[in-house]
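Enquirer: just to be clear, the model below is a prediction. Sequence and coordinates:
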Amino acid sequence: MAIASVNPATGEVVEEFVEMGEAEIEARIGRADAVFRGHRGDSYDSRARFMRRVAELLDAERDEVAAVMTGEMGKTLVAARAEVAKCARLCRFYAERAAGFLADEPADAEAVGARRAYLRYEPLGPVLAVMPWNFPLWQAMRFAAPALMAGNTGLLKHASNVPRTALYMGELFTRAGFPEGAFQTLLIGSKSVERVLSDPRVVAATLTGSEGAGRSIAAIAGRELKKTVLELGGSDPFLVLPSADVEAAARTATTARTQNNGQSCIAAKRFIVHADVYDAFAEAFTANMAALRVGDPTAEDTDVGPLAQEQGLRDVTEQVEDARAKGARIRCGGERPAGPGWYYPPTVVADLTPDMRMYTEEVFGPVAGLYRVADLDEAIDLANATAFGLGANAWTTDEDEQARCIAELAAGAVFVNGMVTSHPELPFGGIKSSGYGRELAALGIREFCNAKTVWVG
Ligand code: NDP
C-alpha cells in the first residue's frame, strides 16, 4: 500500500509520500542508537520536564492535530480532540509517575546471603513501534510516553494511511526538548519492518494491529530473539443479565459499539443478553443505534463518520451480507448510504448462527451482533467462544454473578456495569489471539526495561 493521506469522507487523495530508502532508514536507526547510549542515564526529572512540554504542545495544538487525524482517518473531530487531550493526560501521568514505577525494589538480602539485594529497572535501547490508524495519536503515544520516560528511544512505523499524524509525532518530542533522535518516524511500508527489526541495534518491538501483522512480527522477533508486546484485535462480549439497568446498558452499548466509527479493538462487538431482558434491551439498543447521526466527521453534531479505509468498508459490508444471506435478522442499518465516502451505518444483527462470519470474526465497523442466552452459564460460554481475549463487559448488579464474570470471562480486562476503556492508570492488553504483554500503568513502562537483579555481598 502506498503511503498516502486520503480523506475517507470523500475518497480524495490529499497528499502522497515517498517511502524512506535504505540510507534514511540506516541514518535513523543509527541516530536512535547513538542517542540511547548518550542519554540512557539522564535523570527522570529532565525527561519529565520534556514530557510535560509534550503535553503542553498537545494542548496548544489540539485543534490542529485533531483536524489532521479526522482528515486522514475519518474519526469525528469531537473524538479526535478528545484523543489529543487524552494523550496530553498520558504524558503528564508518566512524567509524574515514571520515577516511582522504575524505582529500585529492595529484596530480602538476608535470605539470599547478601549485604544488599534489589531489583533495578534499566532501559533496553531503540524499540520499533508498528502502529495502526484507528487512534493514530493515542496508540503511538501509549508506547512513546512510557518508553521515553524509561530512557529508551523509539522508531515509529505508523500505518500507511496516517502519514501526516506520523510526521507530526516524529517532530513532537524533539520540539519538546528530547534529544534529536529520541523518537523518530520511519515513513516505510510493512515490507521494510523485517529490515528494521532484524537490525542488531533495534532491541524490541511493539505492535498494535491485526492478528496477521502480529504473527508476522512475532515470527521475525522470535528468530531474532527480541522482546515483543502485541496488542491485536478483539471481539469483546457485552453481557446483559436480568438485574442490570437495561436502559443504561443499552445507552453504554451504543457508545461501546460505535466509538471511533466502530473501529476500536476494545469496542464491544457481541451483545449477549439474557432471555428475560432480551426484548427490552434489543429494542432500546436498536432504537439508540438507529438514532445516531452518520455523516461529515467535521460537523460538531455527527456521531458516526466514515470508515477509515475502502477495504474496511468492503470487509464490513461482506460480513453483514454473509449473515443476511444465511438468515440473520438485520434490526437496523445494513444498507450503505448513497454518495461518496466510506460510510457504513450503525447496524444491529440478530439471530446469528455459528456458520456466519460475524459469529467468529471481528467486525471493524459500527455493526453489533445480538445473541439471546438462557442463563449465565450459556452467556459465559458464548462470551469465551472466540479466538480473541481483549476486554469483556458485564452488566449485572448481582454480586455472585459479578464475581463469576470477573473470574470466568477469558480476557485481559473485565469491566462491570461500564464499558471497557483504556486509562493511563490501568494496565491494558489481551490474551489468546488478542496478543500479549501490557501497556499503560506500571506494567506498561516495565515491558521495555531490563529488570536487573543486583546482589552485593
Ligand atoms: P494492520 O495490522 O494491517 O496494520 C497495523 C500496522 O501493522 C500498520 O502499521 C501496518 O502497516 C502494519 N503491518 C501490516 N501488516 C504487517 C506485516 N505483515 N508486517 C509488519 N507490519 C505490518 O491493520 P489494518 O489497518 O489493515 O486493519 C485490519 C484489521 O486489523 C482490522 O480489521 C482489525 O481487526 C485490526 N486492527 C486492530 C487494531 C487494534 O487497535 N487492535 C487497530 C487497527 C486494526 P501498513 O499500514 O503499511 O500496512
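Expert: Yep, it's here. Source: prediction; values computed, not measured.
Enquirer: mind listing what's buried along the longest helix belonging to the chain?
Expert: Counting residues, the longest helix found in the chain (DSSP state H) is helix 77-101. Neighbour-count burial for helix 77-101, counted by 16 or more other C-beta atoms under 10 Å, picks out 77-81, 83-84, 86-88, 90-95, 97-98, 101. All C-beta atoms are positioned from the backbone trio N, CA, C, and that covers glycine.
Enquirer: that one near the ligand anywhere?
Expert: No - counting by C-beta under 6 Å from any ligand atom, the ligand has no neighbours in helix 77-101; the shortest distance is 12.9 Å.
Enquirer: what is the rounded mean pLDDT of that helix?
Expert: Predicted confidence along helix 77-101 averages 98 (mean pLDDT).
Enquirer: got it, and stretch 231-240?
Expert: Mean predicted confidence for stretch 231-240 is 98.
Enquirer: wondering if it reaches the ligand at all.
Expert: Yes - judged by C-beta under 6 Å from any ligand atom, stretch 231-240 and the ligand are in contact via 231-233.
Enquirer: tell me the secondary structure at Phe271.
Expert: Secondary structure for Phe271, judged by DSSP: H, G, I helix; E, B strand; the rest coil, is strand.
Enquirer: chain center to the longest helix of the chain, what's the gap?
Expert: Its chain's C-alpha centre and that of helix 77-101 lie 14 Å apart, by C-alpha atoms, centre = their mean, to the nearest Å.
Enquirer: just checking, next helix/strand downstream of it?
Expert: Note on helix 77-101: by DSSP states H and E, the next helix or strand toward the C-terminus is strand 105-106.
Enquirer: render the CA-only coordinates of the next helix or strand after that next one in PDB, please.
Expert: Using DSSP H and E, the helix or strand that directly follows strand 105-106 along the chain is strand 116-123. Below are the C-alpha coordinates for strand 116-123, written out as PDB (Å, rounded to 0.1, in the frame of the first residue of the first chain):
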ATOM      1  CA  ARG A 116      22.200  -5.700  49.700                       C
ATOM      2  CA  ALA A 117      19.900  -7.200  47.100                       C
ATOM      3  CA  TYR A 118      17.400  -5.300  44.900                       C
ATOM      4  CA  LEU A 119      15.800  -5.000  41.500                       C
ATOM      5  CA  ARG A 120      16.800  -2.200  39.200                       C
ATOM      6  CA  TYR A 121      15.000  -1.200  36.000                       C
ATOM      7  CA  GLU A 122      17.100  -0.200  33.100                       C
ATOM      8  CA  PRO A 123      16.100   0.900  29.600                       C
END
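Enquirer: what's the mean pLDDT across the helix or strand that strand 116-123 is followed by?
Expert: Once the chain leaves strand 116-123, the next helix or strand it forms, by DSSP H and E, is strand 126-130. Averaged over strand 126-130, pLDDT sits at 98.
Enquirer: report whether the helix or strand just after strand 126-130 contacts the ligand.
Expert: Downstream of strand 126-130, the next assigned helix or strand under DSSP H and E is helix 138-150. No - using C-beta under 6 Å from any ligand atom, helix 138-150 stays clear of the ligand, with a minimum separation of 6.5 Å.
Enquirer: related to what we said a few turns ago, between helix 138-150 and the longest helix of the chain, find me the angle.
Expert: If you take axes from the mean of the first three to the mean of the last three C-alpha atoms, to 10 degrees, helix 77-101 sits at 20 degrees to helix 138-150.
Enquirer: so how far is Cys87 from the spatially most central residue of the chain?
Expert: In the chain, the C-alpha nearest the mean C-alpha coordinate belongs to Gln139, at 5.4 Å (C-alpha atoms, centre = their mean). Distance, Gln139 to Cys87, using C-beta to C-beta, to the nearest Å: 10 Å.
Enquirer: break down the stretch 351-457 of the chain into its helices, ranges please.
Expert: 357-360, 376-384, 399-408, 441-446 (DSSP state H, counting those that start in this stretch).
Enquirer: now mean pLDDT and mean neighbour count too, for these, in JSON lines please.
Expert: Listed next are these as JSON lines, based on pLDDT from 0 to 100; neighbours: other C-beta atoms under 10 Å:
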{"stretch": "helix 357-360", "mean pLDDT": "98", "mean neighbour count": "18"}
{"stretch": "helix 376-384", "mean pLDDT": "98", "mean neighbour count": "19"}
{"stretch": "helix 399-408", "mean pLDDT": "98", "mean neighbour count": "15"}
{"stretch": "helix 441-446", "mean pLDDT": "98", "mean neighbour count": "19"}
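Enquirer: dump those into JSON lines; add distance to the ligand as well.
Expert: Below are these laid out as JSON lines (distance: least, C-beta to the nearest ligand atom, whole Å):
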{"stretch": "helix 357-360", "distance to the ligand": "12"}
{"stretch": "helix 376-384", "distance to the ligand": "19"}
{"stretch": "helix 399-408", "distance to the ligand": "23"}
{"stretch": "helix 441-446", "distance to the ligand": "15"}
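Enquirer: and the stretch 101-250 of the chain, which of its residues are near the ligand?
Expert: Counting by C-beta under 6 Å from any ligand atom, the stretch 101-250 of the chain sits next to the ligand at 130-134, 157-160, 189-190, 193, 208-210, 213, 216-217, 231-233.
Enquirer: show me the residues you listed that map onto helices.
Expert: Using DSSP H, the members of those that fall in helices are 193, 213, 216-217.
Enquirer: looking at the residues you listed, which is nearest Ala253?
Expert: Ala213 (28.7 Å; C-beta to C-beta).
Enquirer: you'd agree the closest one is up against Ala205?
Expert: No - with contact defined as C-beta atoms under 8 Å, Ala213 does not reach Ala205; the gap is 10.9 Å.
Enquirer: what residues do the two have in common as contacts?
Expert: Common contact partners of Ala213 and Ala205 (C-beta atoms under 8 Å, 6 or more residues apart in numbering): Val130.
Enquirer: neighbour count winner among these two?
Expert: Ala205 (25 against 19; other C-beta atoms under 10 Å).
Enquirer: what's in contact with the helix or strand encompassing the more buried one?
Expert: For Ala205, the element it lies in under DSSP H and E is strand 204-208. Here strand 204-208 makes contact (C-beta under 8 Å, 6+ apart) with 124-125, 127-132, 139, 142-143, 197, 213-214, 217, 221, 226-232, 265, 437, 439, 447-448.
Enquirer: quick one on the thing from earlier: in CSV: the ones in helices among the residues of the stretch 101-250 of the chain next to the ligand, plus distance to Arg314 and pLDDT.
Expert: Converted to CSV, these look like this (distance: C-beta to C-beta, whole Å; pLDDT from 0 to 100):
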residue, distance to Arg314, pLDDT
Val193, 24, 98
Ala213, 19, 98
Ser216, 22, 98
Ile217, 25, 98
